[in-house]
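Asker: have a look; sequence and predicted model below, questions after that.
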Amino acid sequence: MRRWRAFRTTIAEADPRLLRATTALALLVFVFALLLFARVLLLPATLVVLLLSAHEWAHLAPREEERRSKGLLVSLPLVLLAYPVLGVACLLLLLLFLPVSLLLSRNGGLHNLVGLFCLAMLGVGFVDLHNRFGVAGLGWVIVVVVAFDMAAMLGGKALRGPKLWVSVSPDKRWAGLLCGLAAAGLFGTLWLLASSPANHDRVLFAVVASLLAGASAQLGDLTLSQLKRLVGVKDTGSLLPGHGGILDRIDSMFCAVPVAWIALALWDFF
């Protein structure tokens, strides 16, 4: 226990920029390993990430009694663990687990019911992207989201200018959004065309799909920003030093994963 406290003290006193860079590097290594060994690691890793995210989501509830609810933590893994048997149809279990979660919440668990729906959709969509479209499909949504997030952050800080939506996220700017979309469109298109050499004549589709996935990443980020603002917190947690909580890092995926799934399905269909 003393060693753990000393370790946390050391982290708290470290240079914020170095801390953030170190955590970012560790996350990149994790993502690379996840893509490399996706067949073995993807489902259990996704389940662990979603459980941690569910814990953070519960603590973002606007009412104190909802923060103590375990309904979300109980229901979420059951939906994801049913995926290997039922496939995407496991999402139909939400029709059963939504009332179960509500009963476990007792005190009106609307916040946690929304969290159950969003996290289940995210987890199942993320795993199904790999099963249907392989590492190329899974890697595409990761590349688009990472490119958008990094370019939006750097572009917003460097170019500044008018703010995007002050009441939701005071730090975000239109310049950041445009830079993020440009990066998502560029890197997403390159990834799609490189992973599908036979479809080099579908550049326009790749550009539009990448731009839509990038725009949806911004929507997910703004949604969580609004939730944190309503509760009055800066970060969803402290598990990732310099970055906040798990939700702070996967919020862009909430909308990007469903959009990416639809885009790739249309890519194969046409």
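Answerer: Nice, thanks for sending it over.
Asker: ok, His59 - how many residues close by?
Answerer: 16 (other Cβ atoms under 10 Å). The C-beta positions use only the backbone N, C-alpha and C, and glycine is treated the same way.
Asker: point out where this structure drops to low pLDDT.
Answerer: When residues are selected by pLDDT under 70, those of the chain lie in 1-17, 63-71, 100-109, 197-200, 268-270.
Asker: for it, what spans make up the helices?
Answerer: Using DSSP state H, the helices of the chain run over 2-13, 16-36, 38-59, 64-67, 71-81, 83-86, 94-105, 110-159, 174-195, 203-231, 246-250, 253-269.
Asker: now render those as a markdown table, adding distance to Leu239.
Answerer: Output for these, formatted as a markdown table (distance: least, Cβ to Cβ, whole Å):
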| stretch | distance to Leu239 |
| --- | --- |
| helix 2-13 | 11 |
| helix 16-36 | 10 |
| helix 38-59 | 7 |
| helix 64-67 | 17 |
| helix 71-81 | 16 |
| helix 83-86 | 25 |
| helix 94-105 | 23 |
| helix 110-159 | 16 |
| helix 174-195 | 25 |
| helix 203-231 | 15 |
| helix 246-250 | 6 |
| helix 253-269 | 16 |
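Asker: of the ones you listed, which approaches Ser238 most closely?
Answerer: helix 2-13 (9.1 Å; Cβ to Cβ).
Asker: which strand of the chain spans the most residues?
Answerer: If you go by DSSP state E, the chain has its longest strand at strand 169-173.
Asker: pull out the buried positions in that strand.
Answerer: Using 16 or more other Cβ atoms under 10 Å as the burial criterion, the residues of strand 169-173 that qualify are 169, 172-173.
Asker: touching it from outside, list them.
Answerer: Strand 169-173 has contacts (Cβ atoms under 8 Å, 6 or more residues apart in numbering) with 152, 156, 159-165, 221-222, 225-226, 229.
Asker: are any of those buried, and which?
Answerer: 152, 156, 163-164, 221-222, 225.
Asker: do I have it right that Pro62 meets Lys228?
Answerer: No. Using Cβ atoms under 8 Å, Pro62 is not in contact with Lys228, being 11.1 Å away.
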